[in-house]
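[1] here's my sequence, what's the structure:
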Amino acid sequence: MNETSPGNGNGSEPGPGDDAVAQAAARLLRAAAERVPCAPVRGLIGSDDVKAAYAVQELLTADHLKAGGRVTGRKIGLTSPAVQRQLGVDQPDFGVLFADMSVEDGASVPVDGLLQPKVEAEIAFVLGADLAEGPLDDAQVRAAVAHAVPALEIVDSRIADWDITFGDTVADNGSSALYVLGAPAKPLTEFEPVEATMTLKRGDETVSSGDGAACLGDPLTALAWLARTARDVGDPLRAGQVVLSGALGPMVPAAAGDAFTADIGGLGSVSVRFHTTGPEGA
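    All right, here's what the predicted structure looks like:
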């Protein structure tokens, strides 16, 4: 990403300086490295300063790239109107996906490497064309999708007790951690995202449910928002990238011993398990 970010959510009010942004990034990086949740960063960058929050996210992205990380796509968050109202915002957000965040379908994830994980079921789009030029309207965005797959996002906040505002979660890379892509892959000629229904089970218990309309009215609407936003910040979406389009239902906490399976009607299923590597580990 370059230094250009979405505009300041506070209008003409001056935002925090570079020192505050750097301090916020350092706090989040330390929490991740030490696996100890930290205090919110909104005291440094504000609760709704979009520009400052993405500036922190860019520092985290740069740190990951410097360590050898490879970008594989983006995740979209805050696509639910209820969550937007809860945080007092009127727009979604995004985070960056890296290759080392990808988990195989059906694999078991060690909770020791996470802080306070939660799971949510989504539709993932794999792009077959760049979304860098043109109007980036609904027709262009739909045509750019190579296929859709069922997905689970394992979200995790570096901020203690998930005590987050818009600024906190954006700075924290959209509260992202890991993602799982399921099967089968279907082109949009065979699957209509807005018509999808979702059931997420922990073991045999249904713990979350929803549908395509819960994601900004249509997961493709979320993808179009991201395409335009990504181009605006100078880092457009590219062919081959994965986009997690946003939760289709409420996220649920995950702990060692849990096994989750999401079924997305018309598309397929995806699953993940959790274990501990500690002395009492599975």
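[2] could you pull out the strands for the stretch 151-282 of the chain?
    Per DSSP state E, counting those that start in this stretch, the stretch 151-282 of the chain carries strands over the ranges 176-181, 197-202, 205-211, 242-247, 252-253, 259-264, 268-275.
[3] single out the most deeply packed of those.
    Highest mean neighbour count among those (mean count of other CB atoms under 10 Å): strand 242-247, with a mean of 27. For the C-beta atoms, the positions are set from N, CA and C on the backbone; glycine is no exception.
[4] who does it pair up with?
    Sheet pairing of strand 242-247 (DSSP bridges) gives strand 71-77 (parallel), strand 118-127 (antiparallel).
[5] can you say which of the ones you listed is packed in most?
    Mean neighbours per residue, mean count of other CB under 10 Å, is largest over the strands paired with strand 242-247 for strand 118-127, with a mean of 25.
[6] adding mean pLDDT, write the strands paired with strand 242-247 out as CSV.
    Below are the strands paired with strand 242-247 laid out as CSV (pLDDT from 0 to 100):
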stretch, mean pLDDT
strand 71-77, 97
strand 118-127, 97
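[7] could I get the ones you listed as a markdown table with distance to residue 267?
    Supplementary listing: the strands paired with strand 242-247 in a markdown table, determined by distance: least, CB to CB, whole Å:
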| stretch | distance to residue 267 |
| --- | --- |
| strand 71-77 | 17 |
| strand 118-127 | 7 |
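[8] quick one: closest of those to residue 256.
    Comparing the strands paired with strand 242-247 by their distance to residue 256 (CB to CB), the top pick is strand 118-127, with 13.3 Å.
[9] hey, where'd the helices end up in the protein?
    Under the criterion DSSP state H, the chain contains helices at 18-34, 42-45, 50-66, 81-87, 138-144, 166-171, 219-232.
[10] buried residues, the first one. List them.
    It stands for helix 18-34. Buried residues in helix 18-34, counting neighbours by 16 or more other CB atoms under 10 Å, are found at 20, 21, 23, 24, 25, 26, 27, 28, 29, 31, 32.
[11] count of neighbours near the residue nearest to the fourth one when sequence neighbours are not counted?
    Here the nearest residue to residue 24 in space, its sequence neighbours aside, is residue 41; by CB to CB, 6 or more residues apart in numbering that works out to 3.9 Å. Residue neighbour count, defined by other CB atoms under 10 Å, stands at 31 for residue 41.
[12] list the contacts of residue 41.
    By CB atoms under 8 Å, 6 or more residues apart in numbering, residue 41 lies in contact with 24, 27, 28, 56, 159, 167, 168, 171, 172.
[13] and the pLDDT for the closest residue in space to the third one that isn't next to it in sequence?
    To tie it back to what came earlier, the one meant is residue 28. Leaving aside its chain neighbours, residue 28 sits nearest to residue 158 (5.0 Å; criterion: CB to CB, 6+ apart). On the pLDDT scale, residue 158 is placed at 97.
[14] same thing with residue 232?
    Here, the pLDDT recorded for residue 232 equals 93.
[15] please apply the same query to residue 11.
    44.
[16] residue 105 now?
    At residue 105, the pLDDT value in this model is 98.
[17] need the contact list for the nearest residue to it once chain neighbours are set aside.
    Using CB to CB, 6+ apart and skipping residues adjacent in sequence, the residue nearest residue 105 is residue 182, 5.0 Å away. By CB under 8 Å, 6+ apart, the residues touching residue 182 are 105, 149, 150, 151, 152, 262, 268, 269, 270, 271.
[18] which residues does the residue nearest to the fourth one when sequence neighbours are not counted bridge with?
    What it means is residue 151. Spatial nearest neighbour of residue 151, chain neighbours left out: residue 124 (3.7 Å); criterion: CB to CB, 6+ apart. In this entry, residue 124 is beta-bridged to residue 149, residue 244, by DSSP bridges.
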